[in-house]
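> quick one: sequence and predicted model below, then my questions.
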Amino acid sequence: MDAYGEVDAYLRHRVPELLGGPVGHIEKMGSGVWCLCVDGKKYVAKYHIFAPLTRGRAYDVLEVERDVLRALVEAGCRVPAMVALDQTACIAFYEWVGGTTLDDLVQEQSGNHAELARAALRNALAIDGALKRDKGWSQRVAPGGSRPDLLAAWQWASERALWGAEALQRHLQRPPLSRAALDLIGALCAELARRPPVLGSSDYNARNVVISPAGAAFFIEFSKLSWDWTERRIVQYTTSMGGGRCNGGMRSILDARTACSYGQLAGDPCVVRALEGHQIVFQLNAAAALCGALEHPLEASNDALLRAWKNPRERLQAMARALGEPLSDDGDIRRVRALFTLN
């Protein structure tokens, strides 16, 4: 946005025409994101950095997000409406749905978040259902978001999960895993890959779940569509990473009760196994990232990770504890989790 001059000047000049009133207070919320007050009502403005690269294509990030959000709002999903769009400046304007992310809430407020978890589960399933009703979305998938791309990325994530399992044991000075144990994890990864993916957002994490003042969970960031698994999205939407916090940690709001309710909401108890499997693979990939950073701390990306995850030893111990906590009575899953449970 800096290339377009002073943000303040641009917003004060353009917003009255787009939103029908003068701009009051302007507050920067993050890189390329601002909160505006227009006639006493709040809005969010976001500069889409990749918009010039996708303009005129089927996967134009501004047009995709505009159209997806419109469809999801009409379907009653919890997403913010896009209220205006300046395609020349690559800025979209959205209704303000809240100022707290799920990632921040989980780090700052201890206690039971079961109702929030159920709200997130309901919203994820509602979004799936709304996007399935229009087959045209498959023509607007972003580069790198195809089914073959998903399977290639999953192969990498599966291999990294196996390495993460071994590295976690090593860093916590636990006995190494047997070949049979690693085969259990590999079989789980292969099983998850065989499940049918669905179209949805390619940017799913707990910072893209915004909590409204009334406690509703709104999902944001739909400018790029991709094929992926519902359960994989849910796991990452509901897991707070706590980056940049001195006492931050990887914390999920899913538990056995909410996992069971997911099966009920989906009308298929088998999805709980997939949800739990994706949680294990995600946790092992996080362990792999942290162990890799500890082993090669001078690499730029690893240095950045260690600055964000400030308490690596405590994080590794918490990851091992989380890996040992079951969400269901599934025997195969419990055998995988038992690998990380201290007797």
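It's in.
> what are the boundaries of the strands in this structure?
23-30, 33-38, 41-47, 82-86, 91-95, 100-101, 198-201, 209-211, 217-219, 225-228, 239-240, 251-252 (DSSP state E).
> would you turn these into JSON lines with mean neighbour count and mean pLDDT?
Yep, even glycine has a C-beta here, placed from its N, CA and C like the rest. As requested, those are arranged in JSON lines below (neighbours: other CB atoms under 10 Å; pLDDT from 0 to 100):
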{"stretch": "strand 23-30", "mean neighbour count": "12", "mean pLDDT": "89"}
{"stretch": "strand 33-38", "mean neighbour count": "18", "mean pLDDT": "94"}
{"stretch": "strand 41-47", "mean neighbour count": "20", "mean pLDDT": "96"}
{"stretch": "strand 82-86", "mean neighbour count": "18", "mean pLDDT": "97"}
{"stretch": "strand 91-95", "mean neighbour count": "21", "mean pLDDT": "97"}
{"stretch": "strand 100-101", "mean neighbour count": "16", "mean pLDDT": "96"}
{"stretch": "strand 198-201", "mean neighbour count": "22", "mean pLDDT": "97"}
{"stretch": "strand 209-211", "mean neighbour count": "25", "mean pLDDT": "97"}
{"stretch": "strand 217-219", "mean neighbour count": "24", "mean pLDDT": "97"}
{"stretch": "strand 225-228", "mean neighbour count": "22", "mean pLDDT": "98"}
{"stretch": "strand 239-240", "mean neighbour count": "24", "mean pLDDT": "98"}
{"stretch": "strand 251-252", "mean neighbour count": "20", "mean pLDDT": "96"}
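> and the ones you listed as a markdown table, adding distance to residue 130?
Shown next, in a markdown table, are the strands of the chain (distance: least, CB to CB, whole Å):
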| stretch | distance to residue 130 |
| --- | --- |
| strand 23-30 | 27 |
| strand 33-38 | 25 |
| strand 41-47 | 22 |
| strand 82-86 | 15 |
| strand 91-95 | 18 |
| strand 100-101 | 23 |
| strand 198-201 | 10 |
| strand 209-211 | 17 |
| strand 217-219 | 12 |
| strand 225-228 | 13 |
| strand 239-240 | 24 |
| strand 251-252 | 25 |
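> so what's the residue count around residue 296?
Number of residues near residue 296 (other CB atoms under 10 Å) recorded here: 11.
> now do the helices in the chain.
7-19, 51-54, 61-74, 102-108, 114-132, 147-171, 179-193, 230-237, 256-266, 271-295, 300-308, 312-323, 331-338 (DSSP state H).
> which positions within stretch 17-24 qualify as buried?
For stretch 17-24, burial by neighbour count (16 or more other CB atoms under 10 Å) applies to 18-19, 23.
> of these, which is the nearest to residue 7?
Closest approach to residue 7 among the buried residues of stretch 17-24 (CB to CB): residue 23, at 11.0 Å.
> how about the closest one, what does it touch?
11-12, 15-16, 36-38 (CB atoms under 8 Å, 6 or more residues apart in numbering).
> which pair in those residues spans the largest distance?
Every pair of those checked by CB to CB; the farthest is 16 and 37, at 12.9 Å.
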